[in-house]
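**Q** mind looking at a prediction? Sequence and model below.
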Amino acid sequence: MLRVLLLFLAFATVAQAAKPPAEPVELVLRHALSGEPAALLVELVDRFNAQSKPEKVVLQHLSMAADPRVLPHMALLEDDEHQKFFNSHPRLLPLWKALSLTKQQIDAKALFPVIADVVEDNRGRLQALPLALSVPVLYYNRQTFRKAGLDPAKPPRTWWEVQESAGKIYDVDRRCAFTSSNMAWVHLDNTSTQHSEPIANETRGGKTPALALNSMVQVKHVALLASWHKSFYFKYFGPGREADEKFLSGECGMLTSDSSLYMRLLRRKPFDFGVAALPHHDDVRDAAPGRLLPDGPLLWILADNKRQEYAAAVRFFQFLLQPEVQQAWVKGTGFLPMTPAAVAALAAGGDLPPDILQRTVERLSDRKLASGAKPKAVTGLGRVRAILSEELEAVWANLKPAKEALDTAVKRGNVMLQPAPADDTVVR
């Protein structure tokens, strides 16, 4: 009997030794980054793959996806890019659900409150990783300011001051006094949050959500921009980031765009430039100029995959949250740091001026500056941005007044909005 047992154990040992090593779990991450952020993402993924034997992340640029309908395991994309990324609106697995399924942890409280607010559901649970967020700011060409007789140490704080500055710039350089990238985000979403107006209301008739982007504040602001467009103070180049290059080339004197552009300006140093807070309307009651809505690509896990793939995705998310990884990411891309630990790493490395880091910590830590303007339990807000851009273009083309364009945008956009799915998945 003992001989039989020994033979069995010997056979089992040989069989186990002969068993080939398990193949790593391979995860496809689809993205549309370009330039420095894309190159840095490659570096970070290579670093993760080198230290993580059980899993491997494979990057897939959107332009290289032969069939977008073949879904990846993860995707880094903006709210309005789902149709472009997948030719559909697939179900996404919220991060909190992936953590629950795989018995792993990512502490939502470790994130800055203003950052966490972007990706939390209405119960404070993380849905995605806020990897590439920015806030809107005002950039200005100091050389152009001096030429126009403006003080480059005193950038405009209000939209009326922007108008005054644009007029003086136009008098000395008629190419482009003021322009803007990301029109709908900067001039509708953030005009709303700055002036205590909601972007959408949670329910309409107790059943479905409704947009609220046609109130007096938004109409007033768009009408002001339209008057500048007619006066050639404001030049429109497109709904996305088209205006960035016009500012970088020196053509435009002022630009509203996302804060991550700051790092590109620092690297290229095209001219003496300044950056200031996004202007506001100082004649609106309950205005909170610092209450801004961060936006940008979020890192999502797609639903309908295997549990071991979810576990591997979570480990990749945990890797990206490591302070030294965030330090490299923020330094290279200009995106907002996700955690105080990331800011501490940036400070220790001397990567950014101490005053900028201090202001960053103060603003991102202030719970009062979390916008709360977007309802959490709503599907379809990302699809509304294209509609808003179309209606704004009708205003710049002098085809519609501001009120009619925003009323139409709300009516068209409400068709896109639905309550969030009841199965805890997410559809954008």
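**A** Received the coordinates, thanks.

**Q** please parse this structure into its domains.
**A** 25-133+295-355, 136-293+379-419 (automatic domain parsing).

**Q** quick one: closest of those to residue 425.
**A** domain 25-133+295-355 (4.2 Å; CB to CB). Where C-beta positions appear, they are placed from N, C-alpha and C, glycine not excepted.

**Q** ends of that closest one, what's the gap?
**A** 43 Å (CA to CA, to the nearest Å).

**Q** quick check: closest non-adjacent residue to residue 213.
**A** Closest residue in space to residue 213, ignoring its immediate chain neighbours: residue 188 at 5.4 Å, by CB to CB, 6 or more residues apart in numbering.

**Q** distance of the one you found relative to residue 149?
**A** Relative to residue 149, residue 188 is positioned 32 Å away (CB to CB, to the nearest Å).

**Q** what do you get for residue 359?
**A** 29 Å.

**Q** please apply the same query to residue 276.
**A** Counting by CB to CB - residue 276 and residue 149 are separated by 18 Å.

**Q** again, but for residue 358
**A** From residue 358 to residue 149 the distance is 33 Å (CB to CB).

**Q** what are the ranges of the strands in the stretch 251-400 of the chain?
**A** 254-258, 273-277, 298-302, 378-379 (DSSP state E, counting those that start in this stretch).

**Q** show me the contacts for residue 164.
**A** Counting by CB atoms under 8 Å, 6 or more residues apart in numbering, residue 164 touches residue 156.

**Q** no, scratch that, I was asking about residue 197
**A** So residue 197 contacts 191, 212, 215, 217-218, 373 (CB under 8 Å, 6+ apart).

**Q** quick one: residue 60 is in a strand?
**A** Yes. Counting by DSSP: H, G, I helix; E, B strand; the rest coil, residue 60 is part of a strand.

**Q** so what's it bridging to?
**A** residue 30 (DSSP bridges).

**Q** ok, how many other residues are close to it?
**A** Burial of residue 60 is recorded as 16 neighbouring residues (other CB atoms under 10 Å).

**Q** residues in contact with the residue positioned nearest the centre of the chain?
**A** Centroid-nearest residue in the chain: residue 296, 1.2 Å away (criterion: CA atoms, centre = their mean). Applying CB under 8 Å, 6+ apart, one finds that residue 296 lies in contact with 78, 130, 132-134, 258, 260, 335.

**Q** confidence score at it?
**A** As predicted, residue 296 sits at a pLDDT of 94.

**Q** closest one to residue 426 among the domains of the chain?
**A** That would be domain 25-133+295-355 among the domains of the chain, by CB to CB, at 4.2 Å.
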